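K.L.:
pasting the structure only:
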């Protein structure tokens, strides 16, 4: 059952309290495309503009089967064909980030450099983390940490993870160390799960927009594809909020994929959602899990933002808190420290699954996803320090996230920019559709490039497989001075934008080659 | 050109100074098997005894195309077929180690436990490492280490690796940071290289016996097979030492694979070799590289034991020391701290290649093989500390390795056991053929199990794809009290063995199920 949206101070002018989009009238799907298997899941990695521009902007899509190689066209004589594709992902994925890294903003050394509001990192708590992680209890060298580990993770760490997740996920019964496999981040976990659950060419369902890197994670090694369950910004009869995931949509996407001969093996849920910031209620979660059970699908629940719910009233619930999961043997939970502890560079992630076949198969691949014994020791120290987590880190982190979120959402309101946000995560899902002269992904990319040229990096909606051009993800979990400058630069682009939109310069359709364009 | 063997104190009674095997008369290959594609590369992971027993022990093999799934027979309903195979590797690979881990020797707590002379780890220098790694300069927390890294590795580390390898590999010109990609160990590097260089089902050549885990590393994700270039213990006309790799053998194995329709994309060289302890001379290396160039093969040179050459007279030379590599764009060097710094639990490895396509493709996969920013910082600190490495660590490590090696080799001589050893690595390649009642891999495994039952873990030759039953790898890089006890237990088995050999009990053909059998 859809749950009512809680009220929030961030979007007081919105009819749905957490949502400032104008509500359009209900519209039925007009078409279900026949074969969409060559539609690029990956326009972020190639431009794909012609293809996108040719698609009618108002065409309503229900699902899309990804073909990550659709845009690919640059074989290397030294590499295998898959090696060439793997390299091409690197080369083309990084346009914005390469530009950014060549001209990073620095308050003193490069005040005219690029402000990064594109990468989902929490930069608000380095002081707290630095103090805790520099503590002398973090440096311990003992023979067992220097020797080959248990590839599932050292037992002392798996015990700590089980205890940590039991507490913070509010599991009805204590979670067990034997169901835990630790590895160097959730990217690796997606790669391993895709490989052990799917044959080559099989697929997972995923509600879109979604964190686009997952496409690579399941494809590069595993050769597994994603079937997008496209969500709509418009609220129709059975929906209570924009981009709402319903079982109907899941069913339609699954049937669509089957009709194209694609075997679907699982469903990926991100909760809190990235980029929507959406949170699934226990009732919704259970509906999705029941849907998966009916179709014998595995469910991977990515909860990497579970402790980054800074608005308590939203009442986040981990899937591990549910009594009597519909299909516990096919429910696999993912968590990491990258987001909730602001440490994407630490490379620590964990799987929790009752399915011992899945745990063992993932562990077998952990030879390739192992993390240092030292880091395992540090993580155990961190996760067991409940006093620091509960009394220092989480309250302060949430307060800072909330303040940053308040600032950015007020700025957006002042700009008359609609947005979605639910009090969780590091980002706001921003509706810049009215700033596009035409509703195409080409125009979306041009706008993104204007932001970059004005020295602020955002993420455009196509990178998340959003089907409506004009949405952007804006990361707000950054220090006030950078946020202020970033918002100022966004404002400059948007305020200059109406003029440009009337007369778009044709030269802008060229890919920028230099780093500072 | 084969090089002359240097003299050594370890095997004074041998005609070839470093070798104590009786030299048999030269024997020509009698047969080249037609299709060997179902011969298990992996008997270590399944027993495969019937199959092996059926093969005539004196049959001479020139090559073998691996089919890692040949022994597989246990699908899981929750996993894909490849997931089931991946899980089965875990389940069956670990018999000895599971037994060991349930009954580890401890001087005080479990003096009757199993002594591990099977795992190639250096346990001689924990005191030195612990002191160095506990130093306060090892703990540094800064924002950049906590944020998403450059997936090739932080630049400060790649610079340090380039400088370190330039110095210790004695490269003719300084090596470059842009040719360095760091990741969490050489297992990952094999996985990544196999995937980016080969299509599914293609193969690498590898001289056998070889470090058997490479089979999994190239297969589990990459689906790449190994073609064994079988080496012989007997010295024939053109060879100067046992198990000598010659270009003739490489050519024959390559042609054999081609005749079976197997596409070979590369050659793996391990130098110093594992398990032989062999070292390739610059002349030999160049011959192998020229062979590879003639056939447009990539060469992966695994030099993880390069600083563990404890006998200076052997004159080890890294491939990076050669002037004018035959095909630098296809020469890829691997190194790690696991062996040379006795830190298999730290998970640090590196690729050095001039080929930017290969470097970039591997980097693209490094999202799944990343290591913590903290560990990257620690490794940079360690590698730049030349005073400690040159004046403390290496001299002491080499002295301890030498002393341990001397002790074990003298014990073996006293037992009348022939062995191979070249003053490099952590192991001795031991010839126990005369202790087998029949020259079969079944008997080899039975002997291995008797060792295990007598609480000493060794590695049997089949695990390294040695084609002659009866060879074992014995790791000597352990503390004196454990070595003494381990050797005592080996002696007990071998001295009791002659009797058993005359009347092998049939119950011994059963797999042991309990942990202490």
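P.N.:
Structure received. Since this is a predicted model, take the numbers as computed values, not measurements.
K.L.:
so residue A:467 makes contact with residue A:229?
P.N.:
No: using C-beta atoms under 8 Å, residue A:467 makes no contact with residue A:229, being 10.6 Å away. All C-beta spots, glycine's among them, are computed from the backbone N, C-alpha and C.
K.L.:
any residues in contact with both of the two?
P.N.:
residue A:208 (C-beta atoms under 8 Å, 6 or more residues apart in numbering or on different chains).
K.L.:
in a strand, that's where residue A:165 is, yeah?
P.N.:
No: read with DSSP: H, G, I helix; E, B strand; the rest coil, residue A:165 is helix and lies in no strand.
K.L.:
how about residue A:203, phi and psi?
P.N.:
Phi and psi for residue A:203, reported as degrees, to the nearest 10, are phi -140, psi 160.
K.L.:
next, count neighbours for it.
P.N.:
22 (other C-beta atoms under 10 Å in any protein chain shown).
K.L.:
contacting residues for it?
P.N.:
So residue A:203 contacts A:65, A:66, A:224, A:225, A:226, A:227, A:257, A:262, A:263, A:264, A:265 (C-beta under 8 Å, 6+ apart).
K.L.:
can you tell me how far residue A:130 is from chain B?
P.N.:
Counting by C-beta to the nearest C-beta, to the nearest Å, the gap from residue A:130 to chain B is 5 Å.
K.L.:
what secondary structure does that residue sit in?
P.N.:
Assigned with three-state DSSP, residue A:130 falls in the helix class.
K.L.:
per-residue pLDDT of the closest residue to it other than its chain neighbours, please?
P.N.:
Excluding the flanking residues, the one nearest residue A:130 by C-beta to C-beta, 6 or more residues apart in numbering or on different chains is residue B:141, at 4.6 Å. The model reports residue B:141 with a pLDDT of 92.
K.L.:
let me know the helix or strand that residue B:141 is in.
P.N.:
Residue B:141 is part of no helix or strand, with elements assigned from DSSP states H and E.
K.L.:
same check, this time on residue A:191
P.N.:
Here residue A:191 sits within helix A:186-197, counting by DSSP H and E.
K.L.:
quickly check: that helix near chain B or not.
P.N.:
Yes: Helix A:186-197 is in contact with chain B by C-beta under 8 Å from any C-beta of the partner chain, via A:187, A:188, A:191, A:195, A:196, A:197.
K.L.:
cool, stretch A:354-369 as well?
P.N.:
Yes: using C-beta under 8 Å from any C-beta, stretch A:354-369 comes into contact with chain B via A:355, A:357, A:358, A:360, A:361, A:363, A:364, A:365, A:367, A:368, A:369.
K.L.:
quick one on the thing from earlier: for the helix holding residue A:191, name the packing helices and strands.
P.N.:
helix A:213-219, strand A:264-270, strand A:298-302, strand A:331-336, strand A:349-353, helix A:356-365, helix B:81-93 (3 or more C-beta pairs under 8 Å, 6 or more residues apart in numbering or on different chains; DSSP states H and E).
K.L.:
distance to residue B:203 and mean pLDDT added to those, as TSV?
P.N.:
Listed next are the helices and strands packed on helix A:186-197 as TSV, based on distance: least, C-beta to C-beta, whole Å; pLDDT from 0 to 100:
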stretch	distance to residue B:203	mean pLDDT
helix A:213-219	24	97
strand A:264-270	29	98
strand A:298-302	32	98
strand A:331-336	33	98
strand A:349-353	32	98
helix A:356-365	21	98
helix B:81-93	17	91
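K.L.:
out of those, nearest to residue A:374?
P.N.:
Residue A:374 sits nearest to strand A:349-353 of all those, at 16.8 Å, using C-beta to C-beta.
K.L.:
would you give the sheet partners of the closest one, along with the direction of each?
P.N.:
Here strand A:349-353 is paired, per DSSP bridges, with strand A:180-183 (antiparallel), strand A:331-336 (antiparallel).
K.L.:
just checking, what packs against the biggest helix by length in chain A?
P.N.:
Longest helix of chain A, by residue count under DSSP state H: helix A:480-502. Here helix A:480-502 touches strand A:115-116, helix A:394-414, helix A:441-453, strand A:456-457, going by 3+ C-beta pairs under 8 Å, 6+ apart.
K.L.:
sorry, back to before: tell me which of the residues of helix A:186-197 next to chain B is nearest to chain B?
P.N.:
The nearest member of the residues of helix A:186-197 next to chain B to chain B, counting by C-beta to the nearest C-beta, is residue A:196 at 3.3 Å.
K.L.:
C-terminal to the helix holding residue A:191, what's the next element?
P.N.:
Defined by DSSP H and E, the subsequent element after helix A:186-197 is strand A:203-208.
K.L.:
between strand A:298-302 and that next one, find me the angle.
P.N.:
40 degrees (axes from the mean of the first three to the mean of the last three C-alpha atoms, to 10 degrees).
K.L.:
for the residue lying closest to residue A:214 once chain neighbours are set aside, grab the count of nearby residues.
P.N.:
In this structure, residue A:214 finds its nearest non-sequential neighbour in residue A:190, 5.8 Å apart by C-beta to C-beta, 6+ apart. Neighbours of residue A:190 under the rule other C-beta under 10 Å: 29.
K.L.:
quick check: which of the strands paired with strand A:349-353 is buried the most?
P.N.:
Across the strands paired with strand A:349-353, averaging neighbours per residue (mean count of other C-beta atoms under 10 Å in any protein chain shown) puts strand A:180-183 on top, at a mean of 28.
K.L.:
chain center to that one: distance?
P.N.:
Its chain's C-alpha centre and that of strand A:180-183 lie 20 Å apart, by C-alpha atoms, centre = their mean, to the nearest Å.
K.L.:
swap in stretch A:229-238?
P.N.:
On the basis of C-alpha atoms, centre = their mean, stretch A:229-238 sits 19 Å off its chain's mean C-alpha point.
K.L.:
how about the residue of chain A most remote from its centre, phi and psi?
P.N.:
Going by C-alpha atoms, centre = their mean, the residue of chain A most distant from its centre is residue A:143, 37.8 Å out. Backbone torsions for residue A:143, taken as degrees, to the nearest 10, come to phi -50, psi -40.
K.L.:
who's in contact with it?
P.N.:
By C-beta under 8 Å, 6+ apart, the neighbours of residue A:143 are B:123, B:126, B:130.
K.L.:
now those as CSV including neighbour count and pLDDT?
P.N.:
Shown next, in CSV, are those (neighbours: other C-beta atoms under 10 Å in any protein chain shown; pLDDT from 0 to 100):
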residue, neighbour count, pLDDT
B:123, 20, 97
B:126, 19, 97
B:130, 16, 96
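K.L.:
any idea how far residue A:150 is from the residue nearest to residue A:74 when sequence neighbours are not counted?
P.N.:
Closest residue to residue A:74 apart from its sequence neighbours, by C-beta to C-beta, 6+ apart: residue A:88 at 5.7 Å. Using C-beta to C-beta, to the nearest Å, residue A:88 is found at 36 Å from residue A:150.
K.L.:
on that earlier part again, which of the contacts of residue A:143 sits closest to residue A:484?
P.N.:
Nearest to residue A:484 among these, counting by C-beta to C-beta, is residue B:130 at 47.6 Å.
K.L.:
what is the burial count for residue A:258?
P.N.:
Neighbour count of residue A:258, defined by other C-beta under 10 Å: 13.
K.L.:
correction: residue A:480
P.N.:
When neighbours are defined as other C-beta under 10 Å, residue A:480 has 12 of them.
K.L.:
for it, give its distance to chain B.
P.N.:
Residue A:480 sits 16 Å away from chain B, going by C-beta to the nearest C-beta.
K.L.:
what does residue A:429 give?
P.N.:
The gap separating residue A:429 from chain B is 21 Å, by C-beta to the nearest C-beta.
K.L.:
now which of the residues of stretch A:354-369 next to chain B would you call buried?
P.N.:
Buried members of these, scored by 16 or more other C-beta atoms under 10 Å in any protein chain shown, are A:355, A:357, A:358, A:360, A:361, A:363, A:364, A:365, A:367, A:368, A:369.
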